[in-house]
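Novice: need coordinates for the below:
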Amino acid sequence: MGTTVLIVDDSKLARIVLRKAITALQPEWGTVEASNADEAVAAMDAHTVDVAVIDYNMPGRDGLALAEELRQRFPAMPIAVATANIQDEIIARARAAKATFIPKPVTEDGMRGFLSGAALRLRSPAT
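Specialist: Next up is the predicted model:
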């Protein structure tokens, strides 16, 4: 099985942009999409997901709450929180959840470091 990235964003356009950036940088990786935290949890239960990229501002639970939940369930999973809401508190909460902070608008350059690091972590034996 290949690597699968969960893309969580309430904006369909943002999900398309993220999917295109991921495909450009890691063409062999697949994606699963969700538009909110509840759909994301259902997707995690239905699919084997290796990496998550999560929007912060969504209806219902925000992306940091979802990142914290996923971190508890999947301690080694590479997780990124992507948002245009660039505040010190949000960056600090992302770091506390051991998630990478990616500013929006997301670009290939903005995703490159996260995806490269994720690929390395996924290839490394669990410690």
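Novice: nearest to the spatial middle of this structure, which residue is it?
Specialist: Nearest to the mean C-alpha position of the chain, by Cα atoms, centre = their mean, lies residue 53 at 1.3 Å.
Novice: helix, strand, or coil at it?
Specialist: Secondary structure, DSSP: H, G, I helix; E, B strand; the rest coil: residue 53 is strand.
Novice: then residue 119?
Specialist: With three-state DSSP as the criterion, residue 119 reads helix.
Novice: now it: how far from residue 43?
Specialist: Residue 119 sits at a distance of 21 Å from residue 43 (criterion: Cβ to Cβ, to the nearest Å). Heads up, the C-betas are built off the backbone N, CA and C, glycines and all.
Novice: the residue lying closest to residue 86 once chain neighbours are set aside bridge partners, please.
Specialist: Excluding its sequence neighbours, the residue lying closest to residue 86 (Cβ to Cβ, 6 or more residues apart in numbering) is residue 103, at 5.6 Å. Taking DSSP bridges, one finds residue 83 as the beta-bridge partners of residue 103.
Novice: for residue 51, what are its contacts?
Specialist: Contacts for residue 51 were tallied using Cβ atoms under 8 Å, 6 or more residues apart in numbering; they are 3-6, 29, 77-79, 115, 118, 122.
Novice: buried ones only from those, please, as a ChimeraX command.
Specialist: To isolate the buried members of the contacts of residue 51 in ChimeraX, using 16 or more other Cβ atoms under 10 Å:
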select :3,4,5,6,29,77,78,79,115,118
